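Chemist: Here is the input, now give the coordinates:
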Amino acid sequence: MAIFRKTLDKLKAGLGKTRQTFVSSLRSVLSGKQLDDALISEIEKRLIESDVGVSATRKLIDGIKADYKAGTLTKGEDVIEYLKTELKSMWPEQDRTLNTTDTKPMVILMTGVNGVGKTTSISKLCKQLTGEGKTVLLGACDTFRAGAVRQLEIWGERLGVEVVKGQQGGDPAAVAFDACRAAVARGVDVLILDTAGRLHTQAGLMDQLSKIRRVIDKQIPGGPHETLLVLDATSGQNALRQAEEFNSAAGVTGIFLSKLDGTARGGIVVAIRDATMIPVKFIGLGETPDDVELFDPERFVEAMFAID
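Modeler: Got it, this is the predicted structure:
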């Protein structure tokens, strides 16, 4: 689904903190050096510090060591190109797009803990979809948090998109039911459902999420077609743990990684992919509805390693 602008300059700006903190320091360490065991250990340290993750780092370092021993990787500068090639190869082609359906509406269920930028991420998806001529309906299934419905309504008003809502403290599954019925009746292309922020340890809320999924599937067979987990990139390894926990409980199909412009540890994208195999499908690079990109690993890696 070609709905997201892919601007390298925008990615470079959004990944500025990661590039300045991790990549620039790595380049300075490697510049003019011959590869040896001590330098490889330093590379390993820098990768872990950037939240690439222990498992992914180990795989990358094992590859560097193997090429070093084989004599095919000898210069520090060559490690940068090695890392770029290996990182780009981690994502298969099918990871890069929204799941599609032959019938309308396509249903996207948004999940995540409080404070990750879920509602703002919804606005970004909504803006891009409507910008491509798609008709969108929003369902305010977060009846738990005070002000959540109004926050979604404000975005709906700004973007010219209607919001189906219920009563504060009401049954979120009932809102999902009404939203599904409305989406079918109006013939909209996409239905996006907001849900309450929850932790995997909150059994009641996790059961509630399962109920919402059952209601969606009954009203729109095969739905939700996407269950997107919104993660805050600035939370580092906490984001990785949330991905693992939500995947087991909610059948996550993709990740929207928000606030990537606010962290120096953009390597979390790699850690999530390596540890969970859940594709990162979208990245948030700012506060406005336009600040979103469809995740493209090649462009992402090029932007992260770009020379300012």
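
Chemist: Show me the residue sitting in the middle of this structure in space.
Modeler: When C-alpha atoms, centre = their mean is applied to the chain, the residue found nearest the centroid is Phe256 (2.4 Å).

Chemist: Wait, a strand at that one?
Modeler: Yes. Phe256 sits within a strand when classified using DSSP: H, G, I helix; E, B strand; the rest coil.

Chemist: Assess the claim that it and Val230 are in contact.
Modeler: Yes. Applying C-beta atoms under 8 Å, one finds Phe256 in contact with Val230, separated by 4.7 Å. Where C-beta positions appear, they are placed from N, C-alpha and C, glycine not excepted.

Chemist: Any chance you could list residues touching both of those two?
Modeler: Residues touching both Phe256 and Val230 comprise Met110, Ser121, with contact defined as C-beta atoms under 8 Å, 6 or more residues apart in numbering.

Chemist: any idea which element Ile307 lies in?
Modeler: According to DSSP states H and E, Ile307 maps onto no helix or strand at all.

Chemist: which residues does it contact?
Modeler: Applying C-beta under 8 Å, 6+ apart, no residues qualify as near Ile307.

Chemist: Can you pull out the low-pLDDT segments for the stretch 201-308 of the chain?
Modeler: Filtered on pLDDT under 70, the stretch 201-308 of the chain yields the residue ranges 201-203, 263-265, 308.

Chemist: What segments of it are helices?
Modeler: In order along the chain, the stretch 201-308 of the chain carries the following helices (DSSP state H, counting those that start in this stretch): 203-219, 237-250, 268-276, 297-304.

Chemist: got these as JSON lines, with mean neighbour count and distance to Leu137 columns?
Modeler: Compiled in JSON lines, these are given as follows (neighbours: other C-beta atoms under 10 Å; distance: least, C-beta to C-beta, whole Å):
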{"stretch": "helix 203-219", "mean neighbour count": "17", "distance to Leu137": "13"}
{"stretch": "helix 237-250", "mean neighbour count": "19", "distance to Leu137": "22"}
{"stretch": "helix 268-276", "mean neighbour count": "24", "distance to Leu137": "29"}
{"stretch": "helix 297-304", "mean neighbour count": "20", "distance to Leu137": "31"}
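
Chemist: how about those helices in TSV, adding distance to Thr103?
Modeler: What follows is those, written out as TSV (distance: least, C-beta to C-beta, whole Å):
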stretch	distance to Thr103
helix 203-219	12
helix 237-250	23
helix 268-276	29
helix 297-304	30
